[in-house]
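Asks: Curious how this folds, go ahead:
(one chain, ligands or ions: 3)
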Amino acid sequence: MSRHDRFKPATRYRPYAGAAGGWGALRSVTGHWLGSDNALKNIRALLKTNQHGGFDCPGCAWGESAEIGPIKFCENGAKAVNWEATKRRVDASFFARHSVSQLREQSDYWLEYQGRLTEPMRYDHANDRYRPIGWDEAFSLIAGHLKRLDDPNQAEFYTSGRASNEAAYLYQLFVRAFGSNNFPDCSNLCHEASGVALGQSIGVGKGTVSFEDFEHADAIFVLGQNPGTNHPRMLEPLREAVQRGARVVVFNPLKERGLERFQHPQKALEMLSNRDRATSTAYFRPNLGGDMALVRGMVKYLWQWEREAQAKQQPGLFDHAFIAQHTQGLDAYLELVEATPWEQIETQTGLARSEIEQAARLYAEAERVIICWAMGITQHQHSVATIQEITNLALLRGNIGKPGAGLCPVRGHSNVQGDRTMGINERPTQAFLNTLEKHFDFVAPRQPGHNAVAAISAMLTGQARVFIGLGGNFAQATPDTVRTHQALQNCELTVQISTKLNRSHLTCGREALILPCLGRTDIDRQACGPQAVTVEDSFSMVHASHGQLEPLSPLMRSEPAIIAGIAAATLGPQPVDWAWLVEDYARIRQLIAATIPGFADFETKLQRSGGFYLGNAASRRQWNTPEGKAAFSAHALPDELLPQQIRSLGVTPDLILQSLRSHDQYNTTIYGLEDRYRGVKGMREVIFVNPQDIQRLGYEPGQKVDVISLWNDGIERRITGMTLLPYDTPSGQAAAYYPETNPLVPLESHGEGSHTPTSKFIAIRLERTTDVGDGLNLHPLSRTREHNHSEGSI
Ligand SMILES: Nc1nc2c(c(=O)[nH]1)N[C@H]1C(S)=C(S)[C@@H](COP(=O)(O)OP(=O)(O)OC[C@H]3O[C@@H](n4cnc5c(=O)[nH]c(N)nc54)[C@H](O)[C@@H]3O)O[C@H]1N2
Ligand SMILES: Nc1nc2c(c(=O)[nH]1)N[C@H]1C(S)=C(S)[C@@H](COP(=O)(O)OP(=O)(O)OC[C@H]3O[C@@H](n4cnc5c(=O)[nH]c(N)nc54)[C@H](O)[C@@H]3O)O[C@H]1N2
Ligand SMILES: [Mo]
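Replies: Residues are numbered from 1 along each chain as shown. Ligands and ions are numbered 1, 2, ... in the order given. Got it, this is the predicted structure:
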């Protein structure tokens with residue numbers, strides 16, 4: 001494919017008829033592998049993915065069984081590996097050719113495709129270009145800025161979830177020794193609500209299941225998650241569950257293909273006979289943000305059946321022994337359940353009572369239930385309350401802490417969970433700070449720091465003046481893009497520690513640095529030899545990751561080495577000898593073992609194939625809550641899903657919009673322009689709308705519209721030229737891709753108790769786009785797709 005074709009391919013929109021996986025996945029892996037410009041080396045790398053002695057897949061945080069198998073990656077893991085392991089380079093000559101203003105005109109896709117960042121660069125305002133800078137000079141520039149601040153809390157230290165445990169541990173140690181807890185991180189944009197809700201309800205902010213539990217569950221509920229694209233390795237346990245007769249029950253407004261059918265691309269017989277298998281047994285399609293009401297409705301049925309059983313003196317549905325021994329707050333919760341009117345439940349879910357009853361029955365009929373969820377649950381105003389409602393549902397039947405049952409927030413970034421474990425947390429516990437103080441000779445800051453939203457506000461008002469990003473793409477991953485870009489540009493210094501060029505490098509403070517780092521696939525050589533790093537998956541399994549490929553340039557440094565460099569320049573050899581530590585990462589692991597619970601004998605345990613389990617008290621039915629019990633939470637349903645700041649405008653939104661991922665992207669990294677399972681090719685500026693809504697609003701399918709979000713603060717938030725695609729989605733519920741939609745999410749629209757931007761609930765109105773040529777000429781099939789609401793089974 002020529003470069004021109006790659007970035008402007010022909011557009012097409014046609015419903016996808018196949019299963020998830022299958023030949024399409026295989027073709028796509030091959031395409032991305034050959035397109036990496038490093039095919040021979042990369043096939044070796046791919047075969048080392050998730051293997052003992054190999055590297056941890058830089059894709060998602062789904063875990064792996066410890067079993068030995070030849071191939072342990074999926075289509076999207078292969079894309080992540082090939083993307084990182086490219087031969088293309090973004091070096092000094094690249095930056096000499098392109099000014100920053102010119103680069104800003106390019107798409108996110110084009111920017112990252114240019115290759116790996118290979119040398120440290122400093123932004124030169126006068127010429128609007130990045131120019132090379134030496135590492136030591138870069139470190140002293142950062143140290144100078146940090147030391148000139150009046151207060152350490154005037155700097156923001158962002159972390160994205162790919163950073164290894166070793167990098168994250170050093171980073172938090174440095175920042176705390178410097179004097180701040182300002183740790184905005186991608187978790188704030190992602191599973192924060194899960195951590196907050198579970199921490200309060202069951203005493204630990206992590207999932208309670210292991211990989212093996214999926215083999216023993218009678219039912220698996222999957223809420224607000226699209227594993228076919230985002231956790232493809234999860235499809236296998238789902239369809240195996242269906243095959244052995246377990247129920248897989250989905251709550252999702254969209255019919256996601258991976259949650260319907262899957263053909264395993266690594267099983268030859270299946271591929272040749274073209275057989276695919278179901279991945280779910282029931283599919284319910286609530287409105288956006290309607291899950292709390294849906295679960296409340298299910299509990300209303302369970303409570304009704306329980307009372308009926310009690311009246312007949314039959315065994316009921318509730319696990320009374322578990323409830324009595326392990327929980328508190330049931331009565332207050334059940335009172336609230338009784339008081340919740342059906343009308344409110346039906347309005348908020350958009351589902352009929354018969355459907356809610358069916359979902360309740362599926363839950364009640366299973367002895368062992370796992371409940372999984374992801375961004376469809378966590379990126380709402382009421383996410384914490386919703387996750388606590390899900391926890392209530394689990395507690396009623398003792399579905400936590402027994403084999404085949406439990407809560408499973410499926411994490412995003414491959415080490416986002418580990419980063420939190422290492423102390424990347426703007427609200428650290430006092431116990432953790434005490435341990436740090438005891439072990440190292442410094443006074444740890446006690447004041448809570450900034451999360452992502454607070455960091456943006458602080459930079460907007462000038463309260464924060466330095467931004468350092470350990471990975472990620474802060475400019476594009478966060479909400480309210482126009483204001484966030486302004487916030488970064490307000491800074492005196494912005495520093496990005498990155499593998500690839502992205503818009504955050506082009507949203508510069510008065511001074512800006514790019515510090516190129518090694519990725520998961522690269523061999524990391526330090527004074528004592530090649531180093532491994534460690535990561536933790538969604539199941540609290542910790543394992544080592546060994547880079548396999550020769551780095552593109554000797555000027556790239558590892559994340560731990562870069563952090564150590566900044567720390568040493570800022571603090572000198574205090575409270576540790578930073579340079580000595582990074583000579584051998586086992587020295588960092590010794591510190592982790594000494595200060596983080598669960599890591600005793602870290603180095604020895606790492607040798608086990610598959611890694612080691614960190615443990616989770618709740619899964620042993622030990623509740624680290626103030627009362628020592630798991631808590632039923634009694635939250636009233638929100639009066640209305642629409643927030644007050646929108647209601648006060650007195651305008652009815654045309655639609656509610658969710659922002660989601662296409663099949664060809666990893667967060668803000670765009671691998672290609674195809675969203676295979678949704679039938680879209682060659683475009684990302686699209687909005688999926690129910691065909692009847694398109695008609696109701698007076699538009700034609702394929703027409704271009706501007707999308708304007710509603711929020712009563714006098715700021716107009718608009719994106720323009722979005723193609724209307726008729727799509728099978730519940731009436732009033734639209735979808736479009738992230739990050740293109742981020743300019744629409746107001747900074748102030750975030751979750752209660754989580755501060756996560758409400759990326760899955762954006763109230764919008766549409767306007768005809770005025771200055772574009774013809775809209776898209778739609779394939780006739782796409783017009784005939786009828787909206788079909790929930791179905792009990794498929
Ligand atoms: N290939 C690939 N893998 C990834 C990523 C990637 O971008 N690409 N990102 C990684 C990261 S960081 C994360 S956090 C995860 C994200 O994994 P997901 O959470 O699966 O990601 P999204 O694309 O945001 O999908 C959200 C799903 O929730 C549904 N949904 C939206 N709102 C609601 C709602 O209100 N209720 C219900 N019931 N459903 C709803 C949507 O229809 C969609 O199917 O994936 C990780 N893995
Ligand atoms: N509207 C909307 N917004 C969202 C979401 C949504 O669903 N909707 N999802 C949110 C979620 S769940 C998340 S997790 C965030 C993601 O937010 P981030 O984690 O900030 O974003 P990414 O796109 O994953 O970051 C990609 C960049 O990371 C760098 N990178 C890649 N690998 C490495 C590495 O190994 N080391 C270092 N140092 N850098 C590396 C590359 O330069 C690449 O350009 O976005 C959030 N934003
Ligand atoms: Mo995420």
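
Asks: Only C-alpha atoms from now on, for both contacts and neighbour counts.
Replies: Fine.

Asks: Next, count neighbours for residue 630.
Replies: Neighbourhood size, residue 630 [other Cα atoms under 10 Å]: 29.

Asks: again, but for residue 438
Replies: By the measure other Cα under 10 Å, the count of residues near residue 438 is 12.

Asks: and if you look at residue 312?
Replies: 10.

Asks: is any part of the lengthiest strand in the chain close to ligand 2?
Replies: Counting by DSSP state E, the longest strand found in the chain is strand 717-726. No. Applying Cα under 6 Å from any ligand atom, one finds strand 717-726 separated from ligand 2 by no less than 12.9 Å.

Asks: ok, residue 563 - contacts?
Replies: Counting by Cα atoms under 8 Å, 6 or more residues apart in numbering, residue 563 touches 167, 170-171, 174.

Asks: Need those residues in TSV (columns: pLDDT, neighbour count and secondary structure).
Replies: Converted to TSV, the contacts of residue 563 look like this (pLDDT from 0 to 100; neighbours: other Cα atoms under 10 Å; DSSP: H, G, I helix; E, B strand; the rest coil):
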residue	pLDDT	neighbour count	secondary structure
167	98	27	helix
170	98	26	helix
171	98	29	helix
174	98	23	helix
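
Asks: any idea which of these is closest to residue 670?
Replies: Comparing these against residue 670 with Cα to Cα places residue 167 closest, at 25.3 Å.

Asks: Tell me how far whichever residue of the stretch 401-550 of the chain sits closest to ligand 1 lies from residue 537.
Replies: Of all residues in the stretch 401-550 of the chain, the one sitting closest to ligand 1 is residue 412 (3.2 Å; Cα to the nearest ligand atom). Distance, residue 412 to residue 537, using Cα to Cα, to the nearest Å: 9 Å.

Asks: what's the overlap in contacts for those two?
Replies: Shared contacts of residue 412 and residue 537, counting by Cα under 8 Å, 6+ apart, come down to 61-62.

Asks: Just to check, residue 61 is in contact with residue 418?
Replies: No. Taking Cα atoms under 8 Å as the definition, residue 61 is not a contact partner of residue 418, at 9.9 Å.

Asks: There's contact between the residue of the stretch 401-550 of the chain closest to ligand 1 and residue 160 in this structure, I believe.
Replies: No. Taking contacts as Cα under 8 Å, residue 412 lies outside contact range of residue 160: 10.6 Å.

Asks: Give the closest residue to the closest residue to ligand 2 within the stretch 551-700 of the chain in space, chain neighbours not counted.
Replies: Closest residue of the stretch 551-700 of the chain to ligand 2, Cα to the nearest ligand atom: residue 668 (3.5 Å). Closest residue in space to residue 668, ignoring its immediate chain neighbours: residue 739 at 6.0 Å, by Cα to Cα, 6 or more residues apart in numbering.

Asks: State the helix or strand in which the one you found lies.
Replies: For residue 739, there is no host helix or strand (DSSP states H and E).

Asks: Check the spacing between it and ligand 1 real quick.
Replies: For residue 739, the distance to ligand 1 (Cα to the nearest ligand atom, to the nearest Å) stands at 10 Å.

Asks: Could you point out which residue ranges in the stretch 101-250 of the chain have low pLDDT?
Replies: For the stretch 101-250 of the chain, no stretch has pLDDT under 70.

Asks: who in it is up against ligand 1?
Replies: Residues of the stretch 101-250 of the chain found near ligand 1 (Cα under 6 Å from any ligand atom) are 190, 223-227, 229-231.

Asks: The chain now?
Replies: So the chain meets ligand 1 at 60, 76, 190, 223-227, 229-231, 251-254, 288-291, 374-377, 411-413, 658, 660-661, 665-667, 760 (Cα under 6 Å from any ligand atom).

Asks: Filter these down to just the ones in helices.
Replies: If you go by DSSP state H, the residues of the chain next to ligand 1 have 76, 227, 229-230, 291, 375-377 in helices.

Asks: Is stretch 738-749 in proximity to ligand 3?
Replies: No. Using Cα under 5 Å from the ion, stretch 738-749 stays clear of ligand 3, with a minimum separation of 11.8 Å.

Asks: quick one: that stretch near ligand 2?
Replies: Yes. Applying Cα under 6 Å from any ligand atom, one finds stretch 738-749 in contact with ligand 2 at 738-739, 741-742.

Asks: for the chain, which residue is closest to the average position?
Replies: residue 412 (3.6 Å; Cα atoms, centre = their mean).

Asks: and that one, what pLDDT?
Replies: In this model, residue 412 is scored at 93, pLDDT.

Asks: Residue 746 too?
Replies: Looking at residue 746, its pLDDT stands at 98.

Asks: which residues sit in contact with the closest residue to it other than its chain neighbours?
Replies: Leaving aside its sequence neighbours, residue 746 sits nearest to residue 480 (Cα to Cα, 6+ apart; 5.1 Å). Counting by Cα under 8 Å, 6+ apart, residue 480 touches 717, 742-747.

Asks: same question, residue 593
Replies: Contacts of residue 593 (Cα under 8 Å, 6+ apart): 599-602.

Asks: repeat for residue 42
Replies: When contacts are counted by Cα under 8 Å, 6+ apart, residue 42 touches 33, 81-82, 85.

Asks: Having no further points to raise, I will conclude here.
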